[in-house]
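A.B. asks: Predicted model and sequence below, questions to follow.
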Amino acid sequence: MITQQLSAQGTPSKILRSMVTGESTPQASAQKRGAVMAFDFGERRIGVAVGDRELGIAHPLETIEYRRDQDPLASIEVLVREWRPILFVVGLPVSTDGSEHELAPLVRSFCEALTQRFGVATRLIDERYTSAEAAEILSEAGIRGRRQKEYLDQVAAQTILEDFFAHDNAIA
């Protein structure tokens, strides 16, 4: 089951994350208008953010918590029906030296499951330092320590999506 395979590890870099791969449909990648949904996920929590591709603005949306015996795609389906995204962006765990983290194949499986279930193109983007950046953002907002746990994954997903928008607009 896909839920047993999922895991992620994020950590903020203002450096352009150029590892963008995994287009599944050319039509979706050509669309410049509509919602884009981003994911930062792990074995127990998936951070979700949403943004407008044309405006390039991202917002944290939700943190989905699940157990290994649960399918997180069921919770994601509710969000997909509400937001009707034209594209998914998923953080790909990359080590600090630039090599793919050992969990990268599991993330790719998650991407395939997303595209198969919802028929929406998926892009992977280097997620190095997004969790650290998210923690910094939350600290600056006065949310520290254990209180960050509730928001950390969704803010990391927001950071992933902002990085995607920066890269996407740079090549548009």
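C.D. replies: Nice, I can see it.
A.B. asks: and the gap between the closest residue to residue 100 other than its chain neighbours and residue 141?
C.D. replies: The shortest distance from residue 100 to any residue other than its chain neighbours is 5.9 Å, reached at residue 94 (CB to CB, 6 or more residues apart in numbering). Bear in mind the C-beta positions are built from the backbone N, C-alpha and C, glycine included. Per CB to CB, to the nearest Å, residue 94 is found 27 Å from residue 141.
A.B. asks: Tell me which stretches of the chain form helices.
C.D. replies: Counting by DSSP state H, one finds helices in the chain at the ranges 2-5, 26-30, 72-83, 104-118, 130-140, 149-171.
A.B. asks: Single out the most deeply packed of these.
C.D. replies: helix 149-171 (a mean of 22; mean count of other CB atoms under 10 Å).
A.B. asks: Show me what that one is packed against.
C.D. replies: For helix 149-171, the contact count by 3 or more CB pairs under 8 Å, 6 or more residues apart in numbering; DSSP states H and E identifies strand 35-41, strand 45-52, strand 57-65, strand 87-92, strand 121-126, helix 130-140 as packing neighbours.
A.B. asks: please redo it, this time with the cut-off set to 6 Å
C.D. replies: Counting contacts by 3 or more CB pairs under 6 Å, 6 or more residues apart in numbering; DSSP states H and E, the secondary-structure elements packed against helix 149-171 are strand 35-41, strand 45-52, strand 57-65, strand 87-92, helix 130-140.
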